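1. I'll drop the sequence and a predicted model, then ask my questions.
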Amino acid sequence: MENIKTLVGDDSMLFTGGISAIEYEGDGVKTINELVNQEPGKNLLEQKMCVIKARAENNSIFADGINPGELFPAIGTEVPVQGDKFNFLQLNHVADCSSWKLGITQGEIDVTKLKDRYKKYRLGKKDAQLTLSSIFTIGESDQAGSVINRNMKLFVRRKDGTVEVTNEANRALYMLGYVNKAALPEETDAFVFCQVHLYNVSLGGQSGNAQSYDASGRLTGIDPVFYSLEAQEA
C-alpha cells in the first residue's frame, strides 16, 4: 500500500543561497559525483542541486521541459554529455524562519460585450509574493547574508574585538521552500524552487512575546517550479 503522509508545518524548511562559481560540463564519461570528486552514497538524503546553464542538443541528462536557469535535482550517478553545463546551488538553512508562504494570484480581464448575458473574462498574468516570518535569534538573524542584511548594513563586533561591517546585500537569491524535507532515506522531498528579491523587513518587540521580524519577497528571473522527489530504489 502506498504510504500517504499528511503534512504539518514541522515538515517544512526554507533554504536560500546562490550558485557556485564553478561551472561544470559533462564529457559523456564521468558521473556528476566523479566530476565533483564526491563519493557516491555519501549522503542518501543529499540531492545534487544543479542549476542548468546549457543543455546538450542530443542525449542531455536534463529532463525534457526543464530549461536553462531552472533546477535539476541530480542523484549523482547521472552521466552528463558534452554540452550539458551546470552550476551547483550553495544553500543555507534559514534557521530562524518560523513560517513562510508563497502566494500566487492571477489577474482577470473583463472582456464582456453588450450582447453577453453574463460577464466574460480572460485571465491575465500571474503574480507571486513570498512572505517570511522569523524569530529573532542572536547569532542567526544578525549574520551576513541574513534576511535583515538584505535590507540594511550590518555592524558586528566580535568578543575578540574584531569588527565586521557588511553592506546591504539585497541581490537576487535562489530559494527552496520545502513543504516536506525528507528526514529518512525512504521519504519524499517536496519543495518549490524560485528566484526572489527580499525586501520590506519589519523589526520590533512586544512585551510577553518572542521578538520576531517579517519580510516580503518578489519573483525575479525564473518562474517558480514545484518539485516532488520520491526516494530512489536501491
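-> Done, it's in.
2. with adjacent residues omitted, what lies nearest to Y213?
-> Counting by CB to CB, 6 or more residues apart in numbering, L203 is the residue found nearest to Y213 once chain neighbours are left out, at 4.8 Å. Heads up, the C-betas are built off the backbone N, CA and C, glycines and all.
3. can you get me a residue count around that neighbour?
-> When counting by other CB atoms under 10 Å, one arrives at 14 neighbours for L203.
4. and it, what pLDDT?
-> With respect to pLDDT, L203 scores 82.
5. give the contact list for it.
-> F136, I148, Y213 (CB atoms under 8 Å, 6 or more residues apart in numbering).
6. ok now the helix or strand hosting it, how far from the chain's centre?
-> If you go by DSSP states H and E, L203 is part of strand 189-204. How far strand 189-204 lies from its chain's middle: 8 Å, per CA atoms, centre = their mean, to the nearest Å.
7. between the very next helix or strand once past that strand and strand 189-204, how big is the angle?
-> As assigned by DSSP H and E, the chain's next helix or strand after strand 189-204 is strand 212-219. For strand 212-219 against strand 189-204, the angle by axes from the mean of the first three to the mean of the last three CA atoms, to 10 degrees is 120 degrees.
8. go through strand 212-219 and flag the buried ones.
-> S212, Y213, D214, A215, G217, L219 (16 or more other CB atoms under 10 Å).
9. just put the contacts of L203 in a markdown table and tack on distance to E230 and pLDDT.
-> Output for those, formatted as a markdown table (distance: CB to CB, whole Å; pLDDT from 0 to 100):
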| residue | distance to E230 | pLDDT |
| --- | --- | --- |
| F136 | 37 | 88 |
| I148 | 36 | 84 |
| Y213 | 36 | 86 |
